[in-house]
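[1] Sharing a model prediction with you, sequence too.
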Amino acid sequence: MAESHAERYERDGYLVVDNALTSAQIALLRHDFEAWVDESREHEAPYGVTADARARFDLESEHSAAKPALRRVASPVEVSEVYLEVMRANAVVDVVADLIGPNVCFNNSKINSKQPGAATEVKFHQDFMFQPHTNDGLVAVLIFLDDVTEDNGPLEVVPGTHRGELFSHWHDGVYTGTVAPEVVDGHIADAVSVTGPAGTACFMHTRLLHGSKPNSSDRPRTLFIAEYRAEDSKPLQVNHLPSKYEDELVRGERTSMVRCTPYEMLFPEVPKGASFFDQQAKAAGA
């Protein structure tokens, strides 16, 4: 018998689904993002305002009008009806319900983009260490808006690490948003690149160890990332990507139940900059 989505996700901590969105949906999402890239040419520093008064649009240090490098849009669902509609109603939400449901709430969203030649690197980390909840029933859905290849900075995951240790993201009293170098050294040989054409979706467990390299190609790599949580998983700290749509029920029903599972972590630092890239820049060797 063929392995189900839920079985693969439980085993590996991630699941890749082809053609998760239609070409029409991808075209609309790209259209809005490309408009933001054009808008970013008029700015020299992160700009816009999110619900917690941080910048919504984050720029790489080498950004310029001639060569825009918009690397992050925080909570795009608040400023685009297209992104909001896709977050609420698309085939991937049905898969999410199979993985962590049946009752599912929206948690947060962002766009991560690496323009051609962009130096942005995502150091290895576990999403859960940014967002403590009463249980780990959270899944991030990474929707490919561009073709993702081995050379344009694909997501790299370490299968099975969602069942293991929660690694500290604090080092020498500083929250770096990344695991220690020795943790990377111990797992990098098992890392797997997640590639695929535009429209692919990767479902990733909140405890899964992952990162990504810079974009060394002449093609962009842009992801719309929508995160969902089981309705009985309640936040223990403010959302690091707040939104007026946080906790919106997208599948199932409201039970008001709380499910608690045992684990330990140091509370993460609430980001003050435009994105967690500022926190990761504090890591040794950044």
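    Ah, there it is.

[2] show me the contacts for the residue lying closest to residue 127 once chain neighbours are set aside.
    Sequence neighbours aside, residue 206 is the residue nearest to residue 127 in space, at 4.7 Å (criterion: C-beta to C-beta, 6 or more residues apart in numbering). The way it works is simple: take the backbone N, C-alpha and C, and place the C-beta from them, glycine included. Contacts for residue 206 were tallied using C-beta atoms under 8 Å, 6 or more residues apart in numbering; they are 126-128, 131, 136, 138-140, 162, 227.

[3] now do residue 170
    Contacts of residue 170 (C-beta under 8 Å, 6+ apart): 176, 266.

[4] one more time with 7 Å
    Residues in contact with residue 170 (C-beta atoms under 7 Å, 6 or more residues apart in numbering) are residue 266.

[5] just residue 155 next, same as before
    142, 194, 202, 210, 212.

[6] now for these, which pair is the farthest apart?
    202 and 212 (11.5 Å; C-beta to C-beta).

[7] distance of residue 132 from residue 234?
    10 Å (C-beta to C-beta, to the nearest Å).

[8] Please enumerate the shared neighbours of these two.
    Common contact partners of residue 132 and residue 234 (C-beta under 7 Å, 6+ apart): none.

[9] Check which helices and strands the longest helix along the chain sits against.
    In the chain, with assignment by DSSP state H, the single longest helix is helix 23-40. Under the contact definition 3 or more C-beta pairs under 7 Å, 6 or more residues apart in numbering; DSSP states H and E, helix 23-40 sits against strand 57-59, strand 70-74, helix 81-88.

[10] is it possible to export the ones you listed to a markdown table including mean pLDDT, mean neighbour count and distance to residue 98?
    As requested, the helices and strands packed on helix 23-40 are exported to a markdown table (pLDDT from 0 to 100; neighbours: other C-beta atoms under 10 Å; distance: least, C-beta to C-beta, whole Å):
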| stretch | mean pLDDT | mean neighbour count | distance to residue 98 |
| --- | --- | --- | --- |
| strand 57-59 | 94 | 25 | 33 |
| strand 70-74 | 95 | 26 | 28 |
| helix 81-88 | 97 | 18 | 17 |
